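> sharing a model that was predicted from the sequence below.
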Amino acid sequence: MSIVGGLDQALIRGQAVGCDAIQIFSKNSNQWKAPPLSISEIDRFKQTSKETGVFPAMIHTSYLINLCSPRDADWRKSTDALCMEMERAEALAIPYVVLHPGAHLGAGPEAGVRRAAEAINVVHARTAGFQTKILIELTAGQGTCVGHRFEEVGMLLQQIEQSEQVGVCFDTCHVFAAGYDLRTAEGYDAVMAELDHAVGLYRVWAFHLNDCKKDLGCRVDRHEHIGQGKMGEAPFAALLNDRRFFGLPMVLETPKGPDDREDVENLARLRRLVMA
């Protein structure tokens, strides 16, 4: 949900379209820095969450962050930026910060994983005692991006010293684009079994629900409205009725127009798929 007009406005917009939970950017997603949150902003956000009943589940980090970078200056800048995002989420009582690990830029996936783990270890040291936790988002695998194979995410978690503080955000479009076929009952079960083996389903703490514009295994991150892409409705029906994930926050990242009408339509499609 957009934060135009103030962070609290995202909650009001979420209530207007019928959300139970929302995700926000806490700042401009294409800038490194942001003005500090004021006490009044923080208080207004918390009060609006109570008044609307909308759960602010996640902050999505800036797209500029690249914890996998082999370039020291970029790596340090990204690590500092993640610390700032964690501080903002903690102040707002938002439980999760969602992170794309980044791109290894030719250094190789294993090197990228090591760099990302090192960065998260630094962040944990700087934010000791925080309630907010990091979520590693499963990625589509464009270019040299790390995190599109479940094994890469498993390796990353193994190298994080306080790994119990880190979970996974399952993005349906990204997983499909990465080559995991969720469109049949057998395929869905196989994908979840593979994720369980490589990462552990107990580490999945949140979902992004998005259809995919491109074909299976395209490794292109292009979201589509629910049921209108190459995935269809079947994977969402399976996921929404999978008791292992009941109670976890699930948010849309589907295309949006100026009036959020598409959000209403996508939410309605998803809710129709939930069995009584």
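Received it, and whenever you're ready, just let me know what you need.
> could you report the neighbour count for residue 143?
Neighbour count of residue 143, defined by other C-beta atoms under 10 Å: 10. Where C-beta positions appear, they are placed from N, C-alpha and C, glycine not excepted.
> likewise residue 10?
Using other C-beta under 10 Å, residue 10 is surrounded by 25 other residues.
> just the element for it, please.
Element membership of residue 10, judged by DSSP states H and E, is helix 7-17.
> quick one: mean pLDDT for that helix?
Here helix 7-17 scores 98 as its mean pLDDT.
> likewise for stretch 215-228?
If you average the pLDDT over stretch 215-228, you get 98.
> in it, which residues are buried?
Residues of stretch 215-228 classed as buried by neighbour count (16 or more other C-beta atoms under 10 Å): 216, 218, 219, 221, 222, 223, 224, 225, 226, 227, 228.
> those: which two are farthest apart?
219 and 227 (22.2 Å; C-beta to C-beta).
> report all helices and strands that the helix holding residue 10 contacts.
Applying 3 or more C-beta pairs under 8 Å, 6 or more residues apart in numbering; DSSP states H and E, one finds that helix 7-17 makes contact with strand 21-24, helix 39-52, helix 261-272.
> partners of the shortest one, with directions?
Which is strand 21-24. strand 55-60 (parallel) (DSSP bridges).
> helix or strand next in line after the strand it pairs with, which one?
Next helix or strand after strand 55-60 toward the C-terminus (DSSP H and E): helix 72-92.
> starting at the chain centroid, how far to the following helix or strand past that next one?
Beyond helix 72-92 on the C-terminal side, the first helix or strand identified by DSSP H and E is strand 96-99. Put simply, strand 96-99 sits 6 Å off its chain's centre (C-alpha atoms, centre = their mean, to the nearest Å).
> identify the residues contacting the helix or strand that strand 96-99 is followed by?
Going down the chain from strand 96-99, the next helix or strand is strand 102-103, by DSSP H and E. Contacts of strand 102-103 with the rest of the structure, by C-beta atoms under 8 Å, 6 or more residues apart in numbering, involve 65-69, 78, 112, 115-116, 143-146.
> possible to save those as a markdown table with distance to residue 257 and pLDDT?
As requested, the contacts of strand 102-103 are exported to a markdown table (distance: C-beta to C-beta, whole Å; pLDDT from 0 to 100):
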| residue | distance to residue 257 | pLDDT |
| --- | --- | --- |
| 65 | 28 | 98 |
| 66 | 30 | 98 |
| 67 | 33 | 98 |
| 68 | 34 | 98 |
| 69 | 35 | 98 |
| 78 | 32 | 98 |
| 112 | 36 | 98 |
| 115 | 38 | 98 |
| 116 | 35 | 98 |
| 143 | 29 | 97 |
| 144 | 33 | 97 |
| 145 | 28 | 97 |
| 146 | 32 | 98 |
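> which of the residues you listed count as buried?
Buried subset of the contacts of strand 102-103 (neighbour count, 16+ other C-beta under 10 Å): 65, 66, 67, 68, 69, 78, 112, 115, 116, 145, 146.
> residue 59 touches residue 25, doesn't it?
Yes - in this structure, residue 59 is within contact of residue 25 by C-beta atoms under 8 Å, at 6.9 Å.
> what about the two, which has more around it?
The neighbour count for residue 59 versus residue 25, taken as other C-beta under 10 Å, is higher for residue 59 (25 against 19).
> re the thing from before, reformat the contacts of strand 102-103 as a markdown table; add distance to residue 265.
A markdown table is the format used below for these (distance: C-beta to C-beta, whole Å):
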| residue | distance to residue 265 |
| --- | --- |
| 65 | 31 |
| 66 | 34 |
| 67 | 35 |
| 68 | 36 |
| 69 | 38 |
| 78 | 36 |
| 112 | 38 |
| 115 | 40 |
| 116 | 36 |
| 143 | 32 |
| 144 | 35 |
| 145 | 30 |
| 146 | 34 |
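> report the central residue of this structure.
Taking C-alpha atoms, centre = their mean, the centroid of the chain lies closest to residue 98, which sits 4.3 Å from it.
> residue 174 versus the closest residue to residue 69 other than its chain neighbours, what's the distance?
Excluding the flanking residues, the one nearest residue 69 by C-beta to C-beta, 6 or more residues apart in numbering is residue 75, at 4.7 Å. Distance, residue 75 to residue 174, using C-beta to C-beta, to the nearest Å: 23 Å.
> that concludes my questions; thank you for your assistance.
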